[in-house]
Each structure stands twice: as structure tokens, then as C-alpha cells.
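# sequence-free structure coming up:
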């Protein structure tokens, strides 16, 4: 599976389509906002939301399964866009969706807090408080299971919105399973082993 924020993935459309015909390729397009001005400051040097939707459409039309990936989902900043993002992605051919709420490990938290101060100072306190509410009073949750979804009432509310919107957009079916059945080792390659 390829996960990307860029339209450039369509450069390999012929290869991805061939792999997909064998059940061996899927692309997840990360789409965190439909607001071009927010995207420019949140994810500079990545494709615009419109171009990402174009990539979903091109890949889908070529027979490549496409998922839409809302990550990072930032409560108080882009969570209100969940329904419109999923609807737009489904309209362009996405077949599944997932999301991961923002977590701020180690030095990332300082970078993000500075980013909030520079770009959305009026919403900084609200965003930080919602992240804390989704992460058990911390900005990061190191627990392998809960860090991908958050915990507590705020996390439940955001994830419920995501699940309802995903179902409404028709993106709640089973995930496309990838297969390695068509892969073959070249006949004359010798597998090396390490001696103990």
C-alpha cells in the first residue's frame, strides 16, 4: 500500500493499475482538509485538496483501490470537515476511509504548539484543550492501542462523527485485502543466509 499526500502518485498509474489487477496494490490518499488556505499552512509543499481528489479519481478509474486517510485529525481545527472530506472522496471513487487523531510525541509537540501560535492563535487554547481531552490529559498517548483513536468523551464524539460520516458516504465496507499470490522470485536468485 502506498500512503501519500501528493498527486504525483499518479505518475506511476500504469504500474499501480497492473499491480492492482493482481490484488497487489492500494493507495491511501491523506486528505486532512478541503480548505486550500488551511492546507497551505498545515501541509506546505503537498498537493492541494483539489489535486488530491483528482488523484483519487484517476487511480479509481484505472482500477486501483483508493482509501482516504484523515490524518492528522486535529480536534478544533479540521474535525468539522470530516463529513465533507469523506463525501468528496467517495464521489471521486474512494472505497474506504480511516482516520488518526493528532498525537504530539517528543519534540513534535513544541513544533506544533509554535505552529498554532503563528497560524491560529485565536484557536490555540481550544485545540490544545481538545487534544488533552482526547489523550487522557497528555499531548501524546504512548499506548499502542489507544494512540490511534484517542480515549475519553471527546475522542468518542469525534470517532462517532467519523463513523457516521463514513457510513453515510458509503466508505464503511470491508477494506481491500492485498495479495502476494502473484509475486514470484526470479528463478536464478540464490537466497543467502547468515551463519551463526
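Perfect, I can see it now. Keep in mind that what you see is a predicted model, and the values were worked out from it rather than measured. Numbers count the residues shown, from 1 in each chain.

# Please count neighbours and contacts with C-alpha atoms only from this point.
OK.

# Wait, residue 67 touches residue 5, no?
No. Taking CA atoms under 8 Å as the contact criterion, residue 67 and residue 5 are not neighbours in contact, 12.0 Å apart.

# Which neighbours do the two have in common?
Among the neighbours of residue 67, those also in contact with residue 5 (CA atoms under 8 Å, 6 or more residues apart in numbering) are residue 29.

# Looking at those two, which is more packed in?
Higher neighbour count among residue 67 and residue 5: residue 67, with 26 against 21, using other CA atoms under 10 Å.

# residue boundaries of the helices in this structure?
Along the chain, the stretches classed as helices by DSSP state H are 13-21, 36-42, 49-61, 82-91, 108-119, 124-134, 153-169.

# As CSV, those with mean pLDDT and mean neighbour count would be great.
Compiled in CSV, those are given as follows (pLDDT from 0 to 100; neighbours: other CA atoms under 10 Å):
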stretch, mean pLDDT, mean neighbour count
helix 13-21, 96, 17
helix 36-42, 96, 14
helix 49-61, 98, 21
helix 82-91, 98, 21
helix 108-119, 95, 14
helix 124-134, 95, 19
helix 153-169, 95, 17
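
# can you put these in CSV and add distance to residue 100?
Below are the helices of the chain laid out as CSV (distance: least, CA to CA, whole Å):
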stretch, distance to residue 100
helix 13-21, 25
helix 36-42, 16
helix 49-61, 18
helix 82-91, 12
helix 108-119, 16
helix 124-134, 12
helix 153-169, 9
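
# right, and those - which one's nearest residue 186?
Using CA to CA as the measure, helix 13-21 is the one of the helices of the chain that comes nearest residue 186, at 17.2 Å.

# got the angle between the closest one and helix 49-61?
Angle between the axes of helix 13-21 and helix 49-61 is 50 degrees (criterion: axes from the mean of the first three to the mean of the last three CA atoms, to 10 degrees).

# most centrally placed residue in this structure?
residue 69 (2.4 Å; CA atoms, centre = their mean).

# so what's that one closest to, chain neighbours aside?
residue 30 (4.4 Å; CA to CA, 6 or more residues apart in numbering).

# Quick check: the one you found vs residue 102, distance?
13 Å (CA to CA, to the nearest Å).
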